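In: Any chance you can model this:
(one chain, ligands or ions: 1)
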Amino acid sequence: MVNPKDVLFHELREGVRKVCDRYPSAYWRELDAKEAYPEDFVKDMMESGYLSALIPEQYGGSGLGIAEASVILEEINHAGGNSGVCHAQMYIMGTLLRHGSEEQKERFMPGIAEGGLKFQAFGVTEPDAGSDTLSIKTFARKEGGRYIINGQKIWTSRVAYSDLMLLIARTTPKEEVKRRTEGLSAFLVDLRASVGKGVTIQPIKTMMNHHSAQVFIEDLEVPLENLIGEEGKGFYYLLDGLNAERILIAAECIGDAYWFLEKASAYASERVVFGRPIGQNQGVQFPIARAYANTRAADLMRYEAAVLFDNAEPCGPEANMAKLLSADASFEAGNVAIQTHGGFGFAKDYDIERKFRETRLYQVAPISTNLILGYLGQHVLGMPRSY
Ligand SMILES: Cc1cc2nc3c(=O)[nH]c(=O)nc-3n(C[C@H](O)[C@H](O)[C@H](O)COP(=O)(O)OP(=O)(O)OC[C@H]3O[C@@H](n4cnc5c(N)ncnc54)[C@H](O)[C@@H]3O)c2cc1C
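Out: Residues are numbered from 1 along each chain as shown. This next block holds a predicted model:
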């Protein structure tokens, strides 16, 4: 029997491929060399409607589930691109959707859905607070009918290419909250009005072309109506969005892994050394086959997490495991692709080293491997808390 979801996945994959075909490897390679942002690719993706997959139809999106959304991002990476340049447009709006007021949703959602409004910056991490989110110090003080925000964010990706930023700031000092998870709040910052007026963006150069920046916030005025949900509940809103993010990032890694494995298998079959294809040697073939098996296993965990998520069932362990296993699978596949290509694995023209640099990030961001292991150890296996 044909599963209707399979048909939809197939159509989505074909549609995304058509967009990606307009942006071949040379396009990504050139951007990487220039450390430039893929404005036209992102515009194309936004206008095609794929990045508004998770926005309900009433606000102009396509109202699809996380499984379908994950297939879209997977396909970008599988095609040789990097959805890290635009993935956040898909999911940051989730905080607004779940916790924003109707007025806020009416005001922002249609623009986000149609792509005219870029909402793809998320300011949580600070120089002294990465894994330990509750230690952030950026502070929003309510004064004279508005919030005045001061502080610093780091690693705020795509902030220079966004109209809106979701900012997490403290509204009650850490020492004064009853529960340590309280006292953070979520704000919508309109960057069009704030850059140069309280917000200064300073790009960070990284090993891959990722468009991250430091954001200095000095006496930034944010209207009261830009607070999302209730004051002090920002950490819970943050947690709410994490499973979606984990599943989507997992899918991107899966896309990378399949791309690496296809390149490695093809090269192993055609490269002749000592009079025979190198893939005839088990020492070359088996690591590729093992990486494929690990990728398929990770892929299953991605779908398990996505189905639970789409059925509104708890999926914390599955979403975390999907992210962990997929990041490991893409790293392993990337590594084996380099090894299989010998010296050519390091040549920029082959794109493998670029994709390897890109996929390496997901061992660290948006949550590092150790933190996921700590979560599983404590919350699933019942061992003592390690962080
Ligand atoms: C390219 C890039 C893009 C990013 N984009 C964004 C973004 O858009 N918005 C945003 O808010 N943030 C973003 N981040 C930040 C990212 O979420 C953090 O880097 C990540 O959460 C880790 O925090 P940290 O870098 O401060 O590492 P730390 O928290 O300092 O950790 C360093 C290392 O120590 C390990 N460690 C720490 N504590 C423990 C423990 N108790 N047990 C075991 N191991 C531990 C960690 O696993 C990690 O490997 C981005 C980061 C990068 C590199």
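In: Near the ligand, which residues of the chain? Just list them.
Out: Applying C-beta under 6 Å from any ligand atom, we find that the chain lies next to the ligand at 122-125, 130-131, 155-157, 206, 210, 212, 361, 364-368, 370-371, 374, 386-387. Every residue, glycine included, has its C-beta placed from N, CA and C.
In: In this protein, which residue sits nearest the ligand?
Out: For the chain, the residue positioned closest to the ligand under C-beta to the nearest ligand atom is Gly130, at a distance of 1.7 Å.
In: count of residues packed around that residue?
Out: Neighbourhood size, Gly130 [other C-beta atoms under 10 Å]: 18.
In: For it, give me its contacts.
Out: Each residue near Gly130 by C-beta atoms under 8 Å, 6 or more residues apart in numbering is listed here: Trp155.
In: What of Glu245?
Out: For Glu245, the set of contacting residues under the criterion of C-beta under 8 Å, 6+ apart consists of 91, 366.
In: which SS state does it fall under?
Out: Three-state secondary structure (criterion: DSSP: H, G, I helix; E, B strand; the rest coil) places Glu245 in helix.
In: Pass me the low-pLDDT residue ranges in the chain, would you?
Out: Under the criterion of pLDDT under 70, the regions of the chain flagged as low confidence span 1-2, 4.
In: any idea where the strands of it begin and end?
Out: All strands of the chain, identified by DSSP state E, fall at 119-123, 139-143, 146-153, 164-170, 184-190, 199-204, 212-223, 227-228, 272-273, 276-277.
In: now Ala33: how far from Ser83?
Out: With distances taken as C-beta to C-beta, to the nearest Å, Ala33 is found 20 Å from Ser83.
In: Those two: which is more packed in?
Out: Neighbour tally, Ala33 and Ser83, criterion other C-beta under 10 Å: the higher count belongs to Ser83, 31 against 11.
In: Which segments of the protein make up each domain?
Out: Structural domains annotated on the chain: 4-114, 119-232, 236-380, as defined by automatic domain parsing.
In: Now tabulate the strands of the chain in a markdown table and tack on mean neighbour count.
Out: Rendered in a markdown table, the data for the strands of the chain read as follows (neighbours: other C-beta atoms under 10 Å):
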| stretch | mean neighbour count |
| --- | --- |
| strand 119-123 | 27 |
| strand 139-143 | 15 |
| strand 146-153 | 20 |
| strand 164-170 | 26 |
| strand 184-190 | 23 |
| strand 199-204 | 16 |
| strand 212-223 | 19 |
| strand 227-228 | 22 |
| strand 272-273 | 10 |
| strand 276-277 | 12 |
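In: wait, which of those is closest to Ile254?
Out: Using C-beta to C-beta as the measure, strand 119-123 is the one of the strands of the chain that comes nearest Ile254, at 21.5 Å.
In: Just the buried residues of the residues of the chain next to the ligand.
Out: By the neighbour-count criterion of 16 or more other C-beta atoms under 10 Å, those include these buried positions: 122-125, 130, 155-157, 210, 212, 361, 365-368, 371, 374.
In: Those residues in helices, which ones?
Out: Among these, the subset assigned to helices under DSSP state H consists of 371, 374.
In: you'd agree Val307 is up against Ala67?
Out: Yes - the criterion here is C-beta atoms under 8 Å, and Val307 meets it with Ala67 at 6.6 Å.
In: The two: which has the busier surroundings?
Out: Ala67 (20 against 16).
In: so how far is Gly81 from the more buried one?
Out: As it turns out, when the distance is counted by C-beta to C-beta, Ala67 lies 20 Å from Gly81.
In: for Phe286, same thing?
Out: 29 Å.
In: Give me the more crowded residue out of those two.
Out: A side-by-side neighbour count of Phe286 and Gly81, using other C-beta under 10 Å, places Gly81 first with 28 against 11.
In: Tell me the spacing between that one and Gly116.
Out: When distance is defined by C-beta to C-beta, Gly81 is 22 Å away from Gly116.
In: Please apply the same query to Thr125.
Out: As for Thr125, its distance to Gly116 is 28 Å (criterion: C-beta to C-beta).
In: what do you get for Phe356?
Out: In this structure, Phe356 and Gly116 are separated by 35 Å, where distance is defined by C-beta to C-beta.
In: neighbour count winner among those two?
Out: When Phe356 and Gly116 are compared on other C-beta under 10 Å, the one with more neighbours turns out to be Phe356, at 21 against 11.
In: which residue sits farthest out from the middle of this protein?
Out: Most distant from the centre of the chain: Gly275, at 44.1 Å, with distances by C-alpha atoms, centre = their mean.
In: Gly316: neighbouring residues, count only.
Out: If we define neighbours as other C-beta under 10 Å, then Gly316 has 17 of them.
In: Double-check it against Asp240; I have them as touching.
Out: No - applying C-beta under 8 Å as the test, Gly316 and Asp240 come out as separate, 11.0 Å apart.
In: Asp132 versus the nearest residue to Leu64 once chain neighbours are set aside, what's the distance?
Out: When the adjacent residues along the chain are set aside, Leu64 lies closest to Ala53, with 4.4 Å between them (C-beta to C-beta, 6 or more residues apart in numbering). Between Ala53 and Asp132 the computed distance is 32 Å (C-beta to C-beta).
In: Compare the two (neighbour count), which wins?
Out: With neighbours defined as other C-beta under 10 Å, Ala53 and Asp132 compare such that Ala53 has more, 22 against 11.
In: For the more buried one, which residues are in contact?
Out: Contacts for Ala53 were tallied using C-beta under 8 Å, 6+ apart; they are 61-62, 64, 68-69, 72, 90.
In: State the pair within those residues that is farthest apart.
Out: Distance extremes for the contacts of Ala53: the farthest pair is Gly61 and Ile72 at 12.4 Å, using C-beta to C-beta.
In: neighbour count winner among the two?
Out: The neighbour comparison of Gly61 against Ile72 (other C-beta under 10 Å) goes to Ile72, with 27 against 22.
In: Now that one: closest residue in space, sequence neighbours ignored.
Out: Distances taken as C-beta to C-beta, 6+ apart place Tyr50 nearest to Ile72, at 4.9 Å, with adjacent residues excluded.
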